[in-house]
Every structure is written in C-alpha cells, then in structure tokens.
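Enquirer: no sequence on hand, only this structure:
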C-alpha cells in the first residue's frame, strides 16, 4: 500500500517527476552506453590480438600498422617485399608467421590474401565447403555470408582498393570455396584467399596502368582498348597462375603476423628488424594500450559528465520532494492521524525517490542500449564492427544501479526526516 | 467511552490550560463549546492523542493513552479514534474509495474495501467513489472524512468544527450523520465547535 501510494504520488505531479526521470534517464543512458562500449570494444580488440606477438610491416605509424593489419580498420602503411619478409619469417625465434596481402574488396568487405593459418589463429573453421586451394578461390567470413547471402560455389567480381565504389575487376572472378564459422572476431567480416590471388590481381594492375600510359592508345580508342585488354588478359592470366605458384620473387605483401617461440624473441626480434631492414615490427598489445589510454581520457570525461547529470537529477529530486513537502504536510499529518507511524512516512518519502530512480535506471538502461544499437549499425557499416545491445556487464551496471539508488536515498533524506519529525497537532491546528 | 482527569497543558510555559474532566459513554455525544483561544482544539488534540498532556490522565476504553509510546499511540489512534476536521485533507493522488481503504489498512493492515464501499453508500457518496477528492464539493469532502473516521469502528469519534465551512443544509446533514453514525457504531462522539447551529442540536454540552 505504501508502494502504491508512493507510485501514485510521483505520477500525481507528473511535471516534477518527468524532469527528474529525464535527467536520471540521460545520465544512466550515457553511463551504461559507455560501460557497454568500453567493455565490448576492449573485448573485441583484445580477442583479435590473441596469437599475435608483433606485426611486421612497412615503416610508418605503428598504430596504423596494427589497426590495418590486425583490425582491418585503417589503410595499410605500405607494402613490403615478400623476399625480405621471408628472411624474418623463418628466423629461429619465430614460431609462426602469417602473411597478409591486401588487394580488393567485394561490396566493402576486404579480400585478404593469406594462408589457412590465419583462420586457425582466430579459431575459425570452414563449416561448409573447403579451404581455398587454387588462385581466386575464397573463404567467406560468417557475417558476410549471412549479410550478403553467399553460398559455396557463388562467383563474384572484386573492386579495387578498400572502397566499395572502386573500379570493378571484371577480368577476374572469385569463386567461393567455403564459408568460415562464426568467431565474433574480425575474420567474420573478411574474405580470404591465398596470397597468390592478390598478386595475380596486382600484376594485372601494373599492366593495366602501363597500358594506360601507352601513348599508342588515344582517348578516342578507349573502347577498343578495353576490348583488347580483355582478350589480352584472358590468355595472360593462365601464365600468371603458374608463375605465381612457381615464383614468389619480386612480389609484395602488406604485413606479417608473427608469434614467437619465447619471450626472448619478443625482446630482440623487433630490434633486429629495426636495425637491419626498412621494415618495422609493431606490438599490438603496446599500440592498443596506447589507443585505449587516448580513448580513456575522452571516455572518462564523458563519464564525469554523466555523473554530473546524475548529481543534477539528484538535486532535482530533492527540490521536487522538498517543495511538495509544504503542500503535503497535511497529507502526512492525516496519515499519522489514520494510524501511520513516523517510520512509515519516512519510508514513503524514501520510497518515492527510490521509485523515481529505479524508473530512471530502467529507462536509462533501455535508452543506452538503443543508442548502442544505433552506434552499432553505423560502425557495422563503416568499420565492420558490431556491438551487442543485449549484453549485460553485470558488475559495472550493478554498481551503476547502486549509485543511482544511493542518489535517490540521499536526495530524499532531508525531506524524509522532515516528514518523520512532522508535528501533527501543530500542522492540523494551523489548517 | 472516554474519561479524563485533571488534564492540563501548556504551550512553552506561557499559555496554560486546565481542562474540566470529561466523561462520555459509548453512543453518547458531547459538545464542547467556547470562543477562540480557549483551547478547544488543544483539548481535542489531547483527547485524540496528537498532543500529550502536561499532567492528568486520559483513558479511552481500558487504555490510558498518555502511557503509550509514540508508536503504540499511532496504532491506537488508527484503530480507536476517528477524527473529522474543519477542513478535510486527503491523499490527493488517491480516489475517494482509496482514501477510505487506506485508513483501514494503516490501522489494521487489512484493506476493508467492501466496508468502505457500504459506508460511502450510506453517506450518499456512491457515485463519487472513484473520483479524486479534489473533484468533490466541500460538503461531500466532509462526508468522505466521516467515512474515513468511521471505517475502523473507533471507540471515539472526534470532530473539530466539522460544520463551520458548510452551508445550513450541509451542516445539518453532517451533524445528523455524525450523531446517527456514532450511535450506530457505538462510539463516543465529541464535537468541538463555536457553531451556533450545532449548539442548538446537541443537548449534552460543556463550555470552556
């Protein structure tokens, strides 16, 4: 009955209530969104690092190298010679080395040339079909297969670069040989082929640009030129296929994911690379920590802001309760006359405040998740990264809940004590 | 029934009251008259356990209420004393019926909804049951507060200027209801008033 009374009371003066609830909802929504984002972001980033001690790649920003090669979210720093890289891949400290070569994309999904070990690193299996054996055979990540409804045996053309709008390579058709299992990691959003497939495309690219620079072909001869090229390539590609498998000389890759046999490698190997080559070895753990500490400042600032809003909502609840106290003292006196004890009045006021806070918390949790869902669909489009709005971070959200309730109790404390100490005789006599 | 012995009260030592002894049996009615400042309301609050006397004893039924603790007094008041005030106050967020039911719940822990309904019917408020109290006229509000005062069948019914803000018609209606219902529920009725209309209707009077 006290609960019912509290509930009816808070909605009897809806304006005050709505203000407090909106403020609470906003702060809880921001905080829970941050909690979920941070948690899932870190989880996604950390899970993708597993099994990668350092990344070998072209010189440039180490963070960029990590982002591009491990997370597939940034442009690569450049290419390295496969011959040079091979020397270091076969170094005695190295346990495993997975080459990565970036080339094309299919409708925005990257096509990465690598070895089957890459799938194994993520714990992905080829669930239907088989692994890529020949050039231009691809294994499609589970998310892509789901989104684009791709089945084994499907064929498609890739587009150049990493933009979906890039030039379409109609000369080479990829064949889907298999579909990978779901891992919740970046591999779900990649199309994998062998490295040679990328080289095949790469060689063609070079010829293509040479052909374009050919002074014999004028602007007006463009259509002819396209036709010529097509024929030219069709019989050319056979040569390439054989060439690619036989000879790896002079070809380039983008990066190599390295795992060491022991800690020693971790310490000395990157230094040796830096001293002896024009390549760099970047540690994903170090770079991601650096990234998180950069993020951390922003996240922390947002979190302070959200707690500030929560403080304001606490003050708003306090003012609302305190203001209505004057009007409600007759009601309180009457409740006492009807047999309510002091502590029942105390709990009534506290209950009203806590009800507001619980309402705010529930709404905030929902709004935060809606926001996460919206963010997730944007990041999915742009970075192929998704967040799960239905996940719960029990510990942190539990703390948030306790903090919210605590704000409610503190805000109601003074009004509740005033109600507790109300002098009924005086109140009724002055009526 | 209620009786008092030698009760005195003082507000901060400056204003002192000494009240005559009162004895009212169940079903009896007593009217306490007196001008303002004579301590009518103070006496009523003493009888209702809202104030504690400086000295003297107040007994309602078998219980001497000045000996009860604050919490016991709250409970006793809820169960045994019904109060009707000059101005009716209600839980504004509750409907008429809910207000009456609330009084039964606070006193006994049980929601006597059926009884509240029949009481409201008796007081001619059947159609008003589900309205908010603020939607009622003053006369209707006063009748709701009578229903609320009687829901727990109290031993003592106290009324503080129950008719002073009412017109003649409603004042007579309310005074009739008070005296009839207190007889029906075997409660002692004590009315504090300076309203001449009531003085003419109640024979058992004391003056402060």
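Expert: Happy to help now that I have it. What you see is a predicted model, and the numbers here were worked out from it, not measured in a lab.

Enquirer: tell me the contacts of residue 88?
Expert: Let's take chain A. A:56, A:94, A:97, A:256, A:258, A:269, A:273, A:277, A:279 (C-beta atoms under 8 Å, 6 or more residues apart in numbering or on different chains). Where C-beta positions appear, they are placed from N, C-alpha and C, glycine not excepted.

Enquirer: the intended chain is chain B.
Expert: By C-beta under 8 Å, 6+ apart, residue B:88 lies in contact with B:133, B:138, B:141-142, B:144-145.

Enquirer: PyMOL command to pick out the buried ones of those residues?
Expert: In PyMOL, the members of the contacts of residue B:88 classed as buried (16 or more other C-beta atoms under 10 Å in any protein chain shown) are selected with the following command:
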select buried, chain B and resi 133+141+142+144+145
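
Enquirer: and the contacts of residue B:88 as CSV, adding secondary structure and pLDDT?
Expert: Formatted as CSV, the contacts of residue B:88 follow (DSSP: H, G, I helix; E, B strand; the rest coil; pLDDT from 0 to 100):
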residue, secondary structure, pLDDT
B:133, helix, 91
B:138, helix, 88
B:141, helix, 91
B:142, helix, 89
B:144, helix, 92
B:145, helix, 91
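
Enquirer: which single one of the contacts of residue B:88 is nearest to chain A?
Expert: residue B:145 (9.0 Å; C-beta to the nearest C-beta).

Enquirer: name the nearest residue to that closest one, sequence neighbours excluded.
Expert: residue B:88 (4.2 Å; C-beta to C-beta, 6 or more residues apart in numbering or on different chains).

Enquirer: and that neighbour, that's in a strand?
Expert: No: the assignment for residue B:88 (DSSP: H, G, I helix; E, B strand; the rest coil) gives coil, which keeps it out of a strand.

Enquirer: confidence score at it?
Expert: The model reports residue B:88 with a pLDDT of 83.

Enquirer: mind listing the helices for chain B?
Expert: Applying DSSP state H to chain B gives helices spanning B:40-47, B:70-80, B:96-108, B:113-122, B:138-150, B:168-184, B:196-199.

Enquirer: out of those, nearest to residue A:149?
Expert: Counting by C-beta to C-beta, residue A:149 lies closest to helix B:96-108 out of the helices of chain B; the figure is 58.1 Å.

Enquirer: which secondary structure elements does the closest one contact?
Expert: helix B:70-80, helix B:113-122, helix B:138-150 (3 or more C-beta pairs under 8 Å, 6 or more residues apart in numbering or on different chains; DSSP states H and E).

Enquirer: residues in contact with it?
Expert: A:1, A:5, A:335, A:338-340, A:344, B:75, B:78-79, B:90-91, B:94, B:110-113, B:115-117, B:119-120, B:125, B:128-133, B:136, B:144, B:147-149, B:151-152.

Enquirer: please apply the same query to stretch A:22-42.
Expert: By C-beta under 8 Å, 6+ apart, the surrounding residues in contact with stretch A:22-42 are A:292, A:295, A:299, A:302-303, A:305-310, A:312-313, A:316, A:356-357, A:359-361, A:363-365, A:367-369, A:371-372, A:375, A:387-389, A:391, A:393, A:396-397, A:400, A:404, A:407.

Enquirer: how about a cut-off of 7 Å?
Expert: By C-beta atoms under 7 Å, 6 or more residues apart in numbering or on different chains, the residues outside stretch A:22-42 that reach it are A:292, A:299, A:302-303, A:306-307, A:309-310, A:312-313, A:316, A:356-357, A:360-361, A:363-365, A:367-368, A:371-372, A:387-388, A:391, A:393, A:396-397, A:400, A:404.

Enquirer: equivalent analysis for stretch A:182-197, please.
Expert: Under C-beta under 7 Å, 6+ apart, the answer for stretch A:182-197 is A:47-48, A:71-72, A:99, A:101, A:106, A:109-114, A:118-119, A:122-124, A:132, A:135-144, A:180, A:244-245, A:253, A:384.

Enquirer: now do it: distance from first to last residue.
Expert: Stretch A:182-197 has an end-to-end distance of 24 Å (C-alpha to C-alpha, to the nearest Å).

Enquirer: stretch B:173-193 now?
Expert: Using C-alpha to C-alpha, the end-to-end distance of stretch B:173-193 comes to 16 Å.

Enquirer: that stretch: how far from the chain's middle?
Expert: Relative to the centre of its chain, stretch B:173-193 is centred 9 Å away, using C-alpha atoms, centre = their mean, to the nearest Å.

Enquirer: kindly report the same for stretch A:70-87.
Expert: That offset, for stretch A:70-87, works out to 23 Å (C-alpha atoms, centre = their mean).

Enquirer: which SSE is whichever residue of the stretch 201-350 of chain A sits closest to chain B in?
Expert: Nearest to chain B in the stretch 201-350 of chain A, going by C-beta to the nearest C-beta, is residue A:339, at a distance of 1.6 Å. Using DSSP states H and E, residue A:339 maps to neither a helix nor a strand.

Enquirer: list the residues that contact it.
Expert: The contact partners of residue A:339, taken as C-beta under 7 Å, 6+ apart, are B:74-75, B:77-79, B:106-107.

Enquirer: tally of neighbours for the one residue in the stretch 51-200 of chain A that gets nearest to chain B?
Expert: Among the residues of the stretch 51-200 of chain A, residue A:184 lies closest to chain B, at 49.4 Å counting by C-beta to the nearest C-beta. Here the number of neighbours of residue A:184 (other C-beta atoms under 10 Å in any protein chain shown) works out to 16.

Enquirer: check residue B:177 too.
Expert: Neighbours around residue B:177, by other C-beta under 10 Å: 20.

Enquirer: grab the nearest non-local neighbour of it.
Expert: Excluding the flanking residues, the one nearest residue B:177 by C-beta to C-beta, 6+ apart is residue B:146, at 5.8 Å.

Enquirer: tally of neighbours for the closest residue to residue A:192 other than its chain neighbours?
Expert: Using C-beta to C-beta, 6+ apart and skipping the chain neighbours, the partner closest in space to residue A:192 is residue A:139 (4.7 Å). By the criterion of other C-beta under 10 Å, residue A:139 has 27 neighbours.

Enquirer: other SSEs contacting the host helix or strand of residue A:139?
Expert: Per DSSP H and E, residue A:139 falls inside strand A:137-140. With contacts taken as 3 or more C-beta pairs under 7 Å, 6 or more residues apart in numbering or on different chains; DSSP states H and E, strand A:137-140 sits against strand A:168-180, strand A:191-194.

Enquirer: which helix or strand lies directly C-terminal to that strand?
Expert: Next element after strand A:137-140 (DSSP H and E): helix A:142-148.

Enquirer: and that next one, what's its mean pLDDT?
Expert: For helix A:142-148, the mean pLDDT works out to 87.

Enquirer: got it, and stretch A:4-23?
Expert: On average, stretch A:4-23 scores 87.

Enquirer: next, the distance between the ends of that stretch.
Expert: First-to-last residue span, stretch A:4-23, C-alpha to C-alpha: 23 Å.

Enquirer: residue contacts, residue B:46?
Expert: Going by C-beta under 7 Å, 6+ apart, residue B:46 touches B:7, B:9, B:53, B:58.

Enquirer: for it, give me the pLDDT.
Expert: According to the model, residue B:46 scores 91 on pLDDT.

Enquirer: coming back round to it: compare the helices and strands packed on strand A:137-140 and give me the one nearest residue B:17.
Expert: With C-beta to C-beta, the closest approach to residue B:17 among the helices and strands packed on strand A:137-140 belongs to strand A:168-180: 92.3 Å.

Enquirer: which other helices and strands contact that closest one?
Expert: Judged by 3+ C-beta pairs under 7 Å, 6+ apart, strand A:168-180 is in contact with strand A:126-129, strand A:137-140, helix A:142-148, strand A:155-160, helix A:195-213.

Enquirer: mind listing what's buried along it?
Expert: A:169, A:171-172, A:174-180.

Enquirer: got it, and stretch A:307-319?
Expert: For stretch A:307-319, the neighbour count (16+ other C-beta under 10 Å) marks A:307, A:309-310, A:313-314, A:316-318 as buried.

Enquirer: now tell me what touches it from outside.
Expert: With contacts defined as C-beta under 7 Å, 6+ apart, stretch A:307-319 is touched by A:19-20, A:23-24, A:26-27, A:353, A:356, A:360, A:407-408, A:410-412.
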